[in-house]
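S.K.: model this:
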Amino acid sequence: MPIYEYSCPDCGPFQSMGRMATSDAPCGCPICGTASPRITVAAPQLSRLDSGRRSAHSVNERASHSPKFSRDVDPRMKGQKITRRRETKSADGAKSFANKRPWMLSH
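M.R.: Purely as a prediction, here's the structure:
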């Protein structure tokens, strides 16, 4: 059950747990028993989050509604053939990949 905030006209603000179905109904003050209306004292402090966490929250919120799957085709790759890297062999039989890192040889 969530915690709601109420304001008693005699005793001041207080908090009480209640059902979500009755969230708009007034609650009795724990000190004097007067029916007190619900108030909103503090808004969520989302602006205090650093930018990395805030962007992570927005990505997670978007992903929960419309997740992207890895099996989906990247629109930039449509119609293109996926090919393997070309291997070349030197005179001694060592393999190397052309045009990537000529100073590195594979084992």
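
S.K.: contacts only, for the nearest residue to M17 once chain neighbours are set aside.
M.R.: Of all residues not flanking M17 in the chain, M1 sits nearest, at 4.6 Å (C-beta to C-beta, 6 or more residues apart in numbering). Every C-beta, even on glycine, is put in place using the N, C-alpha and C of the backbone. M1 makes contact with M17, G18, R19, M20, according to C-beta atoms under 8 Å, 6 or more residues apart in numbering.

S.K.: who wins for most neighbours among the residues you listed?
M.R.: G18 (16 neighbours; other C-beta atoms under 10 Å).

S.K.: which phi and psi does that residue have?
M.R.: Backbone dihedrals for G18, given as degrees, to the nearest 10, come out at phi -160, psi 170.

S.K.: that one against D24, yeah?
M.R.: No - applying C-beta atoms under 8 Å, one finds G18 not in contact with D24, separated by 10.1 Å.

S.K.: roughly how far does M17 sit from Y6?
M.R.: 11 Å (C-beta to C-beta, to the nearest Å).

S.K.: list the contacts for R62?
M.R.: R62 touches nothing, counting by C-beta under 8 Å, 6+ apart.

S.K.: which helix or which strand is home to it?
M.R.: Assigned by DSSP states H and E, R62 belongs to helix 51-65.

S.K.: got the CA coordinates for that helix in CSV?
M.R.: Below are the C-alpha coordinates for helix 51-65, written out as CSV (Å, rounded to 0.1, in the frame of the first residue of the first chain):
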residue,chain,number,x,y,z
SER,A,51,22.1,13.1,-16.7
GLY,A,52,23.3,9.5,-17.1
ARG,A,53,20.8,8.1,-14.8
ARG,A,54,18.0,10.3,-16.2
SER,A,55,18.7,9.1,-19.7
ALA,A,56,18.8,5.5,-18.5
HIS,A,57,15.4,5.9,-16.9
SER,A,58,14.0,7.3,-20.1
VAL,A,59,15.5,4.4,-22.2
ASN,A,60,14.1,1.8,-19.7
GLU,A,61,10.7,3.5,-19.9
ARG,A,62,10.7,3.4,-23.7
ALA,A,63,11.9,-0.2,-23.8
SER,A,64,9.1,-1.4,-21.5
HIS,A,65,6.5,-0.2,-24.0
